[in-house]
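J.: quick one: sequence plus predicted model below, questions after.
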Amino acid sequence: MDSEKTWNTIAKSFDQTRRIPWKECLDFIEKLANESIVADIGCGNGRHLIPCAKHCKKVIGVDLSKQLLDIVKEKLASEKIKNVRLIHADATKIPIEDRSVDAVPSPCLAFAGPPGGRGHRGGEAAGPPRRLRGDAGRPALRRRTGPS
């Protein structure tokens, strides 16, 4: 089974078991300027994207799973959040222009590849930082150290 099919298959379960944002991501988001444009690469069910959208000017959410993006759309609608653009794409082929975002708070980039597999773990997904704008862009790309 390819990665997209796998993520689509487990999307509902993933959403039910991963709702609490990581403290490190929330701390990072709080330090961003309110006028920031942020790209959440591998936004999943939106657990980090939604706090970003509440704090920042604009958020671009990118995910390989159409099912997870549908879950995010429902959450955004229920919270009446309108400053988010969702993109269905692979993290290794992100359709975002260079120097168009200020930050990439995406812990999942350390684990690019199929869930439960070793995949590309930290390999090909190293592209997003070049899309950052000037000195304001500070990617929060670090490997997960705690529970989901």
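T.: Perfect, thanks for sending it.
J.: how long is stretch 74-87 from one end to the other?
T.: Using CA to CA, to the nearest Å, the end-to-end distance of stretch 74-87 comes out at 15 Å.
J.: can you list contacts of that stretch?
T.: Identification of contacts with stretch 74-87 by CB atoms under 8 Å, 6 or more residues apart in numbering yields 43, 45-46, 49-50, 53-54, 56-63, 69, 72-73, 94-96. Yep, even glycine has a C-beta here, placed from its N, CA and C like the rest.
J.: one more time with 10 Å, if that's ok
T.: By CB atoms under 10 Å, 6 or more residues apart in numbering, the residues outside stretch 74-87 that reach it are 15, 37-41, 43, 45-47, 49-50, 52-54, 56-63, 66, 68-70, 72-73, 94-96.
J.: weed out the non-buried ones from these.
T.: Listed as buried from the contacts of stretch 74-87 are 15, 37-41, 43, 45-47, 49-50, 52-53, 56, 58-63, 68-69, 72, 94, 96; burial here means 16 or more other CB atoms under 10 Å.
J.: go through the residues you listed and flag which are in helices.
T.: Mapping the buried ones among the contacts of stretch 74-87 onto helices (DSSP state H) picks out 15, 49, 50, 52, 53, 68, 69, 72.
J.: which of the helices and strands in the protein ranks last by mean pLDDT?
T.: The helix or strand of the chain with the poorest confidence is helix 23-31; it has a mean of 89 (mean pLDDT, DSSP states H and E).
J.: which parts of it are buried?
T.: Neighbour-count burial for helix 23-31 [16+ other CB under 10 Å]: 25, 26, 28, 29.
J.: for the first one, which non-adjacent residue is closest in space?
T.: With CB to CB, 6 or more residues apart in numbering as the measure, residue 48 is the residue that lies nearest to residue 25, at 4.8 Å, once sequence neighbours are left out.
J.: quick one: pLDDT of residue 100?
T.: Note on residue 100: pLDDT of 88.
J.: looks like it contacts residue 60 (just checking).
T.: Yes. Counting by CB atoms under 10 Å, residue 60 is a contact partner of residue 100 at 8.4 Å.
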